[in-house]
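1. predicted model follows, preceded by the sequence.
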Amino acid sequence: GQSLEQPSEVTAVEGAIVQINCTYQTSGFYGLSWYQQHDGGAPTFLSYNALDGLEETGRFSSFLSRSDSYGYLLLQELQMKDSASYFCAPSGNTPLVFGKGTRLSVIA
Amino acid sequence: DAGITQSPRHKVTETGTPVTLRCHQTENHRYMYWYRQDPGHGLRLIHYSYGVKDTDKGEVSDGYSVSRSKTEDFLLTLESATSSQTSVYFCAISESTSGDLYEQYFGPGTRLTVT
């Protein structure tokens, strides 16, 4: 089977840094994806880690540790528009399974 | 943006009626998916397709059927809609040369209400 753990909600201040953790158990693991979804919108692909370590894309970074079955998404210089839900999804040669996601609220 | 559309975007139907949702893509991607999204449950896979006429069940397939007669279209049918199927339905597509299906593109969603 497969399991995913993410915090359900996180609140952070505009301009700050926030980390959203993800732990997973899955078979046939290739890497870890992250998706963002604004209220009323569709999920959009953010980042992907196939190898251990940190991947940086602008203000967003994503980290993976295969040995710990753990990853995180790091958002820096938070902006109000970053308020959204964030989903981690372990990937492989089968369809992505998404967790319940983490709702991030950015406050002034 | 990936060329993926869903129709209808909103639908209200009565319990017991059949409903078909359509997903159309212009990307020629091999894989297509149907998810439903409900508060507190995140995104859950209903059915997916890995080619024309090739489909398989996801984790919440009961009460749903799918068909894919052309690469670009993936239909989701609720044979007899129930109130528990009130949800937002997302279609997604992906392609892979490595076998790793990590990047999916989602359609805008269909909000279905069963009364």
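-> Perfect, thanks for sending it. Owing to the predicted nature of the structure, the values given are computational and were not obtained by experimental measurement.
2. contacts and neighbour counts: CA atoms only from here.
-> Fine.
3. please name the bridge partners of residue B:4.
-> Per DSSP bridges, the residues bridged to residue B:4 are residue B:25.
4. so how many other residues sit close to it?
-> By other CA atoms under 10 Å in any protein chain shown, the residues close to residue B:4 number 19.
5. go on, the one 3 residues further on?
-> Neighbour count of residue B:7, defined by other CA under 10 Å: 17.
6. what sits against it?
-> Applying CA atoms under 8 Å, 6 or more residues apart in numbering or on different chains, we find residue B:7 in contact with B:21-23, B:110.
7. assumed residue B:108 was part of a helix.
-> No: if the criterion is DSSP: H, G, I helix; E, B strand; the rest coil, then residue B:108 is coil and not within a helix.
8. excluding covalently adjacent residues, which one is nearest to the residue of chain B found nearest chain A?
-> Residue of chain B nearest chain A, by CA to the nearest CA: residue B:42 (3.9 Å). Nearest residue to residue B:42, sequence neighbours excluded (CA to CA, 6 or more residues apart in numbering or on different chains): residue A:100, at 3.9 Å.
9. same check, this time on residue A:84
-> Per CA to CA, 6+ apart, closest to residue A:84 is residue A:38, 4.5 Å.
10. with residue A:50 instead?
-> Counting by CA to CA, 6+ apart, the residue nearest residue A:50 is residue A:31, at 4.2 Å.
11. what bridges to that neighbour?
-> Under the criterion used (DSSP bridges), residue A:31 bridges to residue A:91.
12. and it, what does it touch?
-> Contacts of residue A:31 (CA under 8 Å, 6+ apart): A:48-51, A:90-92, B:102.
13. what does chain B put close to chain A?
-> Contact residues, chain B versus chain A (CA under 8 Å from any CA of the partner chain): B:33, B:40-45, B:48, B:90, B:99-109.
14. so how do I select the buried members of those in ChimeraX?
-> To isolate the buried members of these in ChimeraX, using 16 or more other CA atoms under 10 Å in any protein chain shown:
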select /B:33,42,43,44,45,48,90,100,101,102,103,104,105,106,107,108,109
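15. I'd say residue B:107 and residue B:89 touch.
-> No: Residue B:107 is beyond contact range of residue B:89, at 9.2 Å (criterion: CA atoms under 8 Å).
16. residue in chain A nearest to chain B?
-> residue A:100 (3.9 Å).
17. for that residue, give its distance to residue A:10.
-> Remark: distance between residue A:100 and residue A:10 (CA to CA, to the nearest Å) = 13 Å.
18. so between those two, which is more surrounded?
-> residue A:100 (23 against 15).
19. quick one, what contacts the more buried one?
-> A:6, A:8, A:87, B:40-43.
20. let's see it at 10 Å
-> A:4-8, A:85-88, B:37-44 (CA atoms under 10 Å, 6 or more residues apart in numbering or on different chains).
21. likewise for residue A:87?
-> A:4, A:6, A:20, A:22, A:33-37, A:43-46, A:73, A:97-103, B:42-43.
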